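Colleague: got a predicted structure here, sequence first:
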Amino acid sequence: MIMRRIPVIGSFMVAIIGTCLLTGALWGEETGASAEDWYHQGLSFAQEGNYSQALQAFEKAIELEPNYAEAWCSRGVAQIALGETDSALSSLERAIELKPDFVKAWCNKGALLIMLDRYEEALEVLNKAIEIDPTYPDAWSNKGGVLVLLGDCESALPVLDTAMELDPTNADAWGNKGAALLTLSRYQEALPYFNKSLELNPQSAYMWDNRAQTYAFLGDKENALKDLAQAIKLDPKYKERAKKTEAYKDIMEDEDFKKLVE
């Protein structure tokens with residue numbers, strides 16, 4: 001049906017959030033900044049969305065301390081953001097080599113493998129993350145997402161329930177469960193999960209589109225078009241996607257739909 005488009009994978013940024021941040025520009029060598037200083041500077045740049053400078057800072061941290069697992073992991077995250085997926089995979093694997101129980105690195109590696117359509121490998125990696133830390137919600141959420149991608153939506157449901165129990169504020173977990181239910185054609189059941197996901201993260205274009213698809217399957221054109229318009233506003237690529245999406249086939253000749261995607 002629409003499985004490859006629906007699942008929402010948890011944020012890669014879990015690896016580099018939750019520490020004290022420095023501000024300002026990168027310093028020169030004369031400041032005597034330590035590897036940890038460079039690492040925190042990289043976190044600051046990453047949170048600002050400046051991944052090129054974040055990458056430079058993480059690489060400087062690694063230059064000063066080659067066995068700094070957290071810096072390798074965050075280097076991988078920055079490389080993912082910059083589209084350097086091959087290098088990112090190497091960075092995450094190096095982080096795991098240095099710190100085999102580094103659950104964030106395992107989780108990010110699993111999410112990256114999902115991006116690369118390597119679903120079976122991703123599932124194995126995410127199972128390892130859960131084995132290391134069964135209380136880590138992003139690992140459960142990503143595992144649920146990859147199970148949907150593999151077509152095993154029924155198995156995904158309890159996995160996603162666990163993710164939500166561990167972290168009720170995890171928007172991706174709520175969205176992934178909605179995606180599983182949508183893929184199973186359980187449209188009315190899917191709506192509350194998309195509603196909650198959007199309440200937690202209203203900037204998610206893919207979630208607005210998923211809820212729009214759900215409304216479309218339910219025959220609610222008004223709400224479907226309203227949500228699709230919001231998805232397009234947040235990310236214009238959904239304009240072209242909508243023209244090829246099965247959920248909208250019954251309204252594709254509708255003038256309001258045509259106007260929205262023209």
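Modeller: Looks like it came in fine. If you're wondering where the values come from, they're calculated on a predicted model, not measured in any experiment.
Colleague: now do stretch 247-259: everything it contacts.
Modeller: 2, 212-214, 216-217, 219, 221, 224-225, 228, 242-243 (C-beta atoms under 8 Å, 6 or more residues apart in numbering). All C-beta atoms are positioned from the backbone trio N, CA, C, and that covers glycine.
Colleague: my error: substitute stretch 203-219 in the last question.
Modeller: 2, 6, 8, 171, 175, 178-179, 182, 185, 187-188, 190-191, 194-195, 197-198, 201, 221, 223-228, 230-232, 234-235, 238, 241-242, 245, 247-248, 250-251.
Colleague: could you flag which of the residues you listed are buried?
Modeller: 6, 8, 171, 175, 178-179, 182, 187, 190-191, 194, 197-198, 201, 221, 224-225, 227-228, 230-232, 234-235, 238, 241-242, 245, 247-248, 251 (16 or more other C-beta atoms under 10 Å).
Colleague: what's the closest non-adjacent residue to Val103?
Modeller: What sits nearest to Val103 in space, not counting adjacent residues and going by C-beta to C-beta, 6 or more residues apart in numbering, is Asp133, at 4.3 Å.
Colleague: what pLDDT does the one you found get?
Modeller: pLDDT recorded at Asp133 is 97.
Colleague: cool, Tyr193 as well?
Modeller: pLDDT, read off for Tyr193, is 97.
Colleague: Glu262 too?
Modeller: 89.
Colleague: show me which residues of stretch 114-124 are buried.
Modeller: Per 16+ other C-beta under 10 Å, stretch 114-124 contains these buried residues: Ile114, Arg118, Tyr119, Ala122, Leu123.
Colleague: is the third one in contact with Val146, as I believe?
Modeller: Yes. Taking contacts as C-beta atoms under 8 Å, Tyr119 lies within contact range of Val146: 5.3 Å.
Colleague: so for these two, which residues contact both of them?
Modeller: Common neighbours of Tyr119 and Val146 (C-beta under 8 Å, 6+ apart) do not exist.
Colleague: what's the helix or strand hosting Gly145 packed up against?
Modeller: In this structure, Gly145 is located in helix 137-149 according to DSSP states H and E. If you count contacts as 3 or more C-beta pairs under 8 Å, 6 or more residues apart in numbering; DSSP states H and E, helix 137-149 packs onto helix 103-115, helix 119-132, helix 153-166, helix 171-183.
Colleague: just to revisit the earlier point, for the residue nearest to Val103, give its distance to Phe102.
Modeller: 10 Å (C-beta to C-beta, to the nearest Å).
Colleague: and if you look at Asp167?
Modeller: Asp167 is 19 Å from Phe102, by C-beta to C-beta.
Colleague: and the two? Which one has more around it.
Modeller: More neighbours surround Phe102 than the other of Asp167 and Phe102, with 23 against 17 (other C-beta atoms under 10 Å).
Colleague: hang on, isn't that one packed against Cys73?
Modeller: Yes. With contact defined as C-beta under 8 Å, Phe102 reaches Cys73; the gap is 6.6 Å.
Colleague: quick check: neighbours shared by these two?
Modeller: Ala95.
Colleague: circling back to that earlier point, right, and the residue nearest to Val103 touches Leu126 too?
Modeller: No. Applying C-beta under 8 Å as the test, Asp133 and Leu126 come out as separate, 11.5 Å apart.
Colleague: what about those two, which has more around it?
Modeller: Neighbours per residue (other C-beta under 10 Å) separate Asp133 from Leu126, with Leu126 holding more: 30 against 15.
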